Each structure stands twice: as C-alpha cells, then as structure tokens.
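> show me the folded form of this:
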Amino acid sequence: MPNKNIYKAHIALLGANLIYGINYIVAKGIMPNKIGPSAFVFIRLFCGAILFWIIKSFIKEKIERKDMRRLVLCGLLGAAANQLLFFNGLNLTSPIDASIIITSIPVMVLIFSAFILKEKITINKMLGIAIGGIGAVLLIWYGNNSGGTSSFLGNLFVFLNACCYGLYLVIVKPLMKKYNSITLISWVFLFGFIFMFPFGIQDLLSTDFAAFDLNTYLVIAFVVVFTTFFAYLFNIYALNYVSPSVNSSYVYLQPAVSFIMVSIYAYVLKHSEYAQDINLIKILSCLLVVSGVYLISKQPRQKLA
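Coordinates of the predicted model:
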C-alpha cells in the first residue's frame, strides 16, 4: 500500500506541473490588457478558498492552537506572496523565462530543508545548487538585455516567488503528519486571501469587466479550476507521501511544457511577440537549471520510490 500511495503521489505531481507549464502562456494572454495581475490573484484566491472550504465542510477536523501560527505563515508564503509575486512577475516577463526561473524552487527547498528539517546536503546536491544557480542568475541578468517579452524586474519577481514557495513546502511538511491535506490547504487559502486583500482589492475594483470576452472568462476559469484548485490539491496530496525535495523536483517539467506552448503561440498561432522568446541563451539557462535540479533530486527520489 505505501508503494501504491507513492506511485499516486508521483502521478499527482506530474499532473500539477503539466498544468503549471500550460498556465504560463494561458494566464499571460489576458494580462494586463483584460485584467491586472493583482486582481487576477484576488479572484484566484477568493474562488480557490471557497472551493476548498466546500470540501472542508465534509471533514470534521480542528487545528490545534499551537499550529495556527505556522498555518498563518504558510498562508503568507504559499498563497499570498507566492501568487502575487508570480503573477506580477509573469505580467512583466516572458513565459519561458518564468518557467525556467521557477525551477530554482528545488534549490530553495534544499537550502531551507538543511536549516529547518536538518536534511544533509551531499556533494551532488551542492553541485546541483551551483549549476542551477548559475543558470537562474544568467537568465535573470539576460532578461534585461534580451528581446521578446523578457524583463529583469519580472524575472526577479518570479525568483522571489520561487523562494517563498520553496520555504512554504518545507514549513508545511510537518503539518502533513498531523492533519488532512484538505484541512491544511483550506486554511492556507483563507489566510492567503486575508494577506492578499489589501494588495488586490484596488486592482479588482478598477477592472473593466464589461470588456471581458469568452476567452477571458475561459482563461480565468482554467486558472481557478486547474492551476489553483487541482494543482494545489495534487501538490499537497503528494506531500503526504514524498519529501519537499521530491515534490519540488517535478518543477523542471515546466520549462519543457512552456517551450512547447510558446512555440505553438509564436509559430502556429502567429503571435509574433513570442518569437524572440526562444534563443540559445535561454536554452542554455534551461539546461543548466534542469541539470542542477536533477542532481539535487536524484538521491532523495531513489530513497522514497
């Protein structure tokens, strides 16, 4: 049974990261022309919280008072800061840049796990941190000088998002041993919405909803139902059976999916603004980051699988 659960956890992680890979180009398609990034996050957290709490109503479980502070921090890092930084970063930069930089999450998880969970850092992991870090720094720096839709500030926001989400994965792990995953994610979204409210409400109120077309509503529906509800559900389910390091290592699938989606938009659907987003520097950065992540995740995955 444990092996079967671990197998299901890996399937869940695969599904979550395929959704995330598609989300880069889909979500960016309506920002900022139809909706601002902070307003998008407002809708995402509000709707996500409602969906999770509907399911939570069938689970009779209370959180101990001593764990509530950790959950508040999880809401700040894993929902509010994570999503605000990501969507504002994606709004400013290339989907490919964002998908490559986000693969630094396993590096962040490894560093935070060493300090908080006391996980050992092997030579392979140290090498992975160095290689992946070079790739991420190269891409962030290059974002200020390249063509296409790249941006230094956008890339920096996405990197800070990776730091927040990596810390969240480590902090939430001990709670997974005590509580149902639905209980945890419901509270994470509730606290995240509270933290995000001051930043998103003004952007939401200034949104011209009359300008929304069918495509706008379909994109928002995809982000709420798949990128928010199912992807978070898959991730937190997987954390029941695998370590944060293994969970975060699946993120290196995202650049591959993003490259494919951007190529379709640029060369099949003729969106010329994305044509310059694929070049040798970005491919090199992607290979460096993915190689680093592979070295980091190789040993933990063998132990748990």
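
> show me the shaky parts of the stretch 151-300 of the chain.
Applying pLDDT under 70 to the stretch 151-300 of the chain flags residues 270-278, 293, 296-300.

> against which helices or strands is the strand or helix carrying Ala130 packed?
In the assignment (DSSP states H and E), Ala130 maps to helix 123-142. Applying 3 or more Cβ pairs under 8 Å, 6 or more residues apart in numbering; DSSP states H and E, we find helix 123-142 packed against helix 95-101, helix 105-116, helix 152-176, helix 280-304. Quick note: C-beta positions are derived from backbone N, CA and C, even for glycine.

> if you set the cut-off to 6 Å instead, what comes out?
With contacts defined as 3 or more Cβ pairs under 6 Å, 6 or more residues apart in numbering; DSSP states H and E, helix 123-142 has these neighbours: helix 95-101, helix 105-116, helix 280-304.

> which residues are contacting it?
97, 100-101, 104, 107, 110, 155, 281, 285, 288-289, 291-293, 295-296 (Cβ atoms under 6 Å, 6 or more residues apart in numbering).

> for that helix, what is the average pLDDT?
The average of the pLDDT scores along helix 123-142 is 73.

> quick one: it to helix 152-176, angle?
150 degrees (axes from the mean of the first three to the mean of the last three Cα atoms, to 10 degrees).

> for helix 123-142, list the C-alpha coordinates in CSV.
Extracted C-alpha coordinates of helix 123-142, given in CSV (Å, rounded to 0.1, in the frame of the first residue of the first chain):
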residue,chain,number,x,y,z
ILE,A,123,28.2,16.7,-2.8
ASN,A,124,25.8,16.0,-5.6
LYS,A,125,23.3,18.5,-4.1
MET,A,126,26.0,21.1,-3.6
LEU,A,127,27.0,20.7,-7.3
GLY,A,128,23.3,20.9,-8.3
ILE,A,129,22.9,24.1,-6.3
ALA,A,130,25.9,25.7,-8.1
ILE,A,131,24.9,24.6,-11.6
GLY,A,132,21.2,25.5,-11.2
GLY,A,133,22.1,28.8,-9.6
ILE,A,134,24.3,29.8,-12.5
GLY,A,135,21.5,29.0,-14.9
ALA,A,136,19.0,31.1,-12.9
VAL,A,137,21.3,34.1,-12.4
LEU,A,138,22.3,34.0,-16.1
LEU,A,139,18.6,34.1,-17.2
ILE,A,140,17.6,36.9,-14.7
TRP,A,141,20.5,39.0,-15.8
TYR,A,142,19.9,38.3,-19.5
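
> thanks a lot, see you next time.
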